[in-house]
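K.L.:
dropping the sequence and predicted coords here.
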Amino acid sequence: MFPLLSAYLYQKKKITIPGIGLFELHPVHASTGFDTVDAPGWEIRFTENRNATSSENPDVLYESLAAKEGIRKIEALEQFEEFARNILVRLNDQETVLWEEVGSLEKPDFRIAFTPQAITLSPFTGITAQKVIREHANLQLRVGEKETSAEAIREEQQKELAEKNRSRKITWIVLAAVVAIAAAFLLRNGCSTQSSGNRQKVSIQKTPSTYQQK
């Protein structure tokens, strides 16, 4: 009967075994590690309840069991309860009860212990996390109080760089023009390296005598 109960548990996400307790499937979200991403899935949790009864399950469980076994629903209910009593007897005898695709049940002391299967139930598999670099990705960013994008920031930076290059070119052009004008002016006015110094001799003029020698 375990395979039928497992199929029902996976479909309805919970089932109560009389005298034992409640088994539930709980979602497990995807988690990221240093270099892996674990897929989302389900984990099985058990809540012991010795007062649990078969009435806590909906009639669809017994209707499904009856359809699978080809018997009436009342007979399916009786078989289910007998199945639960047999599990309790085995647990009281210190026997480990293996529930295929669900887990194992033990009773080492006065409480029932449940160990779920090691692998978290999931239709997906984990993957290795890899850094993805998109050269042309346009991401929304916030600069100060203004929201912009990575593409807009790149365009603005390229515009500023082009403006700086343009200003630098204009400066060199102006300097070159000034030098050219100055050189033309000096050549037009006969400026040469030979006239750059004062080569005239200065004569010493003697002052007339203001007295006579006796």
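P.N.:
All right, it came through fine.

K.L.:
contacting residues around residue 99?
P.N.:
Counting by Cβ atoms under 8 Å, 6 or more residues apart in numbering, residue 99 touches 2, 5, 6, 105. All C-beta atoms are positioned from the backbone trio N, CA, C, and that covers glycine.

K.L.:
OK, contacts around the third one?
P.N.:
The neighbourhood of residue 6, defined by Cβ under 8 Å, 6+ apart, consists of 99, 100, 101, 102.

K.L.:
which parts of this structure are strands?
P.N.:
Remark: strands assigned in the chain by DSSP state E are 14-17, 21-28, 31-32, 36-38, 41-48, 97-99, 103-106, 113-116, 127-128, 140-143, 146-149.

K.L.:
lowest mean pLDDT across those, which one is that?
P.N.:
Among the strands of the chain, strand 127-128 carries the lowest mean pLDDT, at a mean of 48.

K.L.:
isn't residue 84 up against residue 15?
P.N.:
No: counting by Cβ atoms under 8 Å, residue 84 does not reach residue 15; the two are 10.9 Å apart.

K.L.:
so residue 103 versus residue 97, what's the distance?
P.N.:
Distance of residue 103 to residue 97, given as Cβ to Cβ, to the nearest Å: 10 Å.

K.L.:
equivalent analysis for residue 21, please.
P.N.:
Look at residue 21 and residue 97: by Cβ to Cβ, they are 13 Å apart.

K.L.:
point out where the chain drops to low pLDDT.
P.N.:
Within the chain, the stretches with pLDDT under 70 are 30-40, 118-150, 190-214.

K.L.:
tell me where it has helices.
P.N.:
2-12, 59-69, 73-92, 150-188 (DSSP state H).

K.L.:
the ones you listed: which one's closest to residue 45?
P.N.:
helix 2-12 (11.4 Å; Cβ to Cβ).

K.L.:
and that closest one, what's buried?
P.N.:
By neighbour count with 16 or more other Cβ atoms under 10 Å, helix 2-12 contains the buried residues 5, 6, 8, 9.

K.L.:
which residues are in contact with the last one?
P.N.:
Contacts of residue 9 were listed using Cβ under 8 Å, 6+ apart, and they are 15, 23, 25, 44, 102.

K.L.:
sweet, I'm off.
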